[in-house]
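**Q** Sequence unavailable; structure follows:
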């Protein structure tokens, strides 16, 4: 105990000393006018030039979303280098892995969506919960540990989905139809009157079934694979003064369909109907919006209820506060407080009204040491009702060799608290097996490191390379010695390391391409080897893009190799997607999509048990009036 307190005191003392030292050092430097370039807000929780932050940040823009007519945020993310999307539940449970890690924080406009109930995976947020992608202005993906700013779950990284703030009045209708009796309708209205802006989006999405190509080489229709998602989202912003505003946000998703499971030797059979009902709301007061260090005070209330062989639910509500200060010309400080309170129930699985409270405080200083060096230290402290206090310090360093080159290094402590399911879940099916949680679990703790470089050869060509490494102690896993009776335990460790490479080039005014490769090496002391068997050692990305006049076209590929055949059914896969659109007028655009058009048998989540969808065609139009 004394050693732990000493470590905490040292961490806090070093951070505070660094803040004071950085202020004095920065004051000695000449004032510097930044060439901001692309600005991101997620890496440092304040607006910052992407080339100055000590992190690997990727941005999906509104133009990218429009050009590719992505159906969902999950589809857009699936084409990002270093990202793998998993779908273990027929559209219900779309989760993300960043550089092989599924402990990732999901934000909407900076508002946390991860809940405390969890599941049997380590992911605690599903992308099925986020608003329609028609709402989205940009998506920022920060790769690598971020617990110093975002707390529990931010081990693989952070995804921030930033919605639009309208500046003019318009109504847009997007309609499409496709394979498997798929029909989607999205109607959005947005506008601004005086100091009030709004965006209202409603969607009806329906599919009768889906088909997949099996490892036997034949295409099959998946039984009980119907799906529907009826959703509505609202965002209203009221400017109070030039520097202050109030924003009301609400998002509703009602997802229905049937589940399936794999049964030997009969194959896939229905296992029951599932319904997910998400209702998330928040009210945010923003202040100092006329500065580069805006602040906010937010109250949020997130509700999830589900019905699958019984009802389970969780409610998370809380208050978040953040503020920033410019200490001098080269020194910016950001600090915040959080209070989150959840109630989770899963009565048929052994627990009801379990409360979890987490209180947190964080501080981070962004220091410009001289015209080429940036240093970003920070620390966060979390206090959890079941797992006590955890400190997560960080330090990042950026070197701008010139305007075209960025080198960065970062280190940080990370942690993840066990979920309600981890601690309290108890189900006994007799001869069919059992699942038992463990209230005596320890929190997962560890550290992450990354090194990287980005270089612009010219305005048309960019290369980037990075190395990532993480060690997680007391990692949590659902373990079964007989593959029938599962218990939750803290294994000794999980280790990940790898490299990520990417290249982008604009060939002509009409043609461009991008390529990417990620190697991930995963090791765990878990006896069943699940993590090793369900990872993708080699992942490749390829994109070829054409834009000329009214025509746009994109050919994209996702390739995985080195897979465990016993888990996936194949050792490799190559999925090809194509889309093209024609802007018939300023109001009307028609588009065609062909996903997995070679009808590849593949999955990113145990292929022979959870195969991904086969060849899919979609024809649609958007009309603006």
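**A** Yep, it's here. Remember, predicted model here, so these are calculated numbers, not experimental data.

**Q** Would you agree residue 252 is in contact with residue 276?
**A** No - applying CB atoms under 8 Å, one finds residue 252 not in contact with residue 276, separated by 11.3 Å. C-beta: built from backbone N, CA, C; applies to glycine.

**Q** what about those two, which has more around it?
**A** A count of neighbours by other CB atoms under 10 Å puts residue 276 above the other of residue 252 and residue 276, at 22 against 17.

**Q** For the stretch 401-550 of the chain, which segments count as helices?
**A** 420-424, 530-533 (DSSP state H, counting those that start in this stretch).

**Q** what about the helices in this protein?
**A** 2-27, 62-68, 73-77, 147-150, 420-424, 530-533, 565-568 (DSSP state H).

**Q** For the fourth one, which outside residues touch it?
**A** Outside helix 147-150, the residues that touch it by CB atoms under 8 Å, 6 or more residues apart in numbering are 44-45, 105, 112, 154-155, 158, 362, 364, 378-380, 392-394, 412-415.

**Q** ok, back up a step: hey, least reliable of the helices of the chain by pLDDT?
**A** The minimum mean pLDDT among the helices of the chain belongs to helix 2-27 (a mean of 38).

**Q** For residue 48, list the residues it contacts.
**A** Taking CB under 8 Å, 6+ apart, one finds 39-41, 366 in contact with residue 48.

**Q** Pairing partners for it in the sheet, please.
**A** Applying DSSP bridges to residue 48 yields these beta-bridge partners: residue 40.

**Q** So it versus residue 99, what's the distance?
**A** Distance check for residue 48 against residue 99: by CB to CB, to the nearest Å, it reads 22 Å.

**Q** Then residue 479?
**A** Residue 479 is 24 Å from residue 99, where distance means CB to CB.

**Q** The two: which is more packed in?
**A** residue 99 (30 against 15).

**Q** And the more buried one, what's its pLDDT?
**A** 90.

**Q** Distance-wise, check it relative to residue 560.
**A** Distance from residue 99 to residue 560, by CB to CB: 14 Å.

**Q** got it, and residue 230?
**A** 33 Å.

**Q** who's more crowded, those two?
**A** Between residue 230 and residue 560, residue 560 has the larger neighbour count (other CB under 10 Å), namely 22 against 14.

**Q** The more buried one - nearest residue in space that isn't next to it in sequence?
**A** Spatially, and ignoring its direct neighbours in sequence, residue 560 is nearest to residue 536 (4.7 Å; CB to CB, 6 or more residues apart in numbering).

**Q** Which pLDDT value does the model give the one you found?
**A** 80.

**Q** what about it, how many neighbours?
**A** A total of 23 residues lie near residue 536 under the criterion other CB under 10 Å.

**Q** Run through the residues that contact it.
**A** 84, 100, 520, 560, 562-563, 604.

**Q** Return the item of the residues you listed having minimum pLDDT.
**A** Comparing pLDDT over these, the lowest score belongs to residue 604 (59).

**Q** So residue 601 is in contact with residue 572, correct?
**A** No - with contact defined as CB under 8 Å, residue 601 does not reach residue 572; the gap is 10.7 Å.

**Q** between those two, who's got more neighbours?
**A** residue 601 (22 against 15).

**Q** show me what contacts that one?
**A** Per CB under 8 Å, 6+ apart, neighbours of residue 601: 212-215, 217, 569-570, 573, 607, 611, 614.

**Q** from those residues, which single one is nearest residue 56?
**A** If you rank these by distance to residue 56 using CB to CB, residue 573 comes first, at 25.3 Å.

**Q** which residues of the stretch 101-250 of the chain score low on pLDDT?
**A** Of all residues in the stretch 101-250 of the chain, none has pLDDT under 70.

**Q** How are the strands of it distributed by residue range?
**A** Under the criterion DSSP state E, counting those that start in this stretch, the stretch 101-250 of the chain carries strands at the ranges 104-108, 111-112, 136-143, 157-163, 170-178, 182-193, 196-207, 211-213, 219-221, 227-241, 244-263.

**Q** Which one (most neighbours) among the contacts of residue 48?
**A** Going by other CB under 10 Å, residue 366 tops the contacts of residue 48 with 29 neighbours.

**Q** So that one sits against residue 377, correct?
**A** No - contact criterion CB under 8 Å: residue 366 and residue 377 do not qualify, at 9.2 Å.

**Q** Can you pull out the low-pLDDT segments for the stretch 401-550 of the chain?
**A** Looking at the stretch 401-550 of the chain by pLDDT under 70, you get 526-535.

**Q** And the residue nearest the centre of the protein?
**A** In the chain, the centroid-proximal residue (CA atoms, centre = their mean) is residue 159; its distance is 3.6 Å.

**Q** Let me see the contact set for that one.
**A** 77, 96, 98, 104-107, 139-142.

**Q** What separation is there between the residue nearest to residue 118 when sequence neighbours are not counted and residue 435?
**A** Leaving aside its chain neighbours, residue 118 sits nearest to residue 419 (2.6 Å; criterion: CB to CB, 6+ apart). Per CB to CB, residue 419 is found 14 Å from residue 435.

**Q** Redo the contacts of residue 536 as CSV? Include distance to residue 445.
**A** Output for the contacts of residue 536, formatted as CSV (distance: CB to CB, whole Å):
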residue, distance to residue 445
84, 24
100, 18
520, 21
560, 30
562, 29
563, 30
604, 27
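
**Q** For the nearest residue to residue 510 once chain neighbours are set aside, grab the count of nearby residues.
**A** Of all residues not flanking residue 510 in the chain, residue 548 sits nearest, at 4.3 Å (CB to CB, 6+ apart). Applying the criterion other CB under 10 Å, we find 11 residues in the vicinity of residue 548.

**Q** show me where the stretch 501-625 of the chain has strands.
**A** Counting by DSSP E, counting those that start in this stretch, the strands of the stretch 501-625 of the chain are 511-524, 538-548, 551-561, 572-583, 588-595, 616-624.

**Q** In TSV: the ones you listed, plus distance to residue 400.
**A** Listed next are the strands of the stretch 501-625 of the chain as TSV, based on distance: least, CB to CB, whole Å:
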stretch	distance to residue 400
strand 511-524	23
strand 538-548	27
strand 551-561	32
strand 572-583	36
strand 588-595	40
strand 616-624	40
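
**Q** right, so of the ones you listed, which gets closest to residue 199?
**A** Across these, closest to residue 199 is strand 616-624 (CB to CB), at 14.2 Å.

**Q** outside of the closest one, which residues touch it?
**A** By CB under 8 Å, 6+ apart, the list of residues contacting strand 616-624 from outside reads 69, 71, 170-180, 182, 184, 210, 586-597.

**Q** Swap in 6 Å and give it another go.
**A** Residues from elsewhere that reach strand 616-624, judged by CB atoms under 6 Å, 6 or more residues apart in numbering: 170, 172-176, 178-179, 587-595.

**Q** got a list of what the closest residue to residue 410 other than its chain neighbours touches?
**A** Leaving aside its chain neighbours, residue 410 sits nearest to residue 396 (4.0 Å; criterion: CB to CB, 6+ apart). Listed by CB under 6 Å, 6+ apart, the contact set of residue 396 reads 54, 376, 410.

**Q** Filter these down to the ones in strands?
**A** 376, 410 (DSSP state E).

**Q** For residue 325, which residues count as its bridge partners?
**A** According to DSSP bridges, beta-bridge pairing links residue 325 with residue 333.
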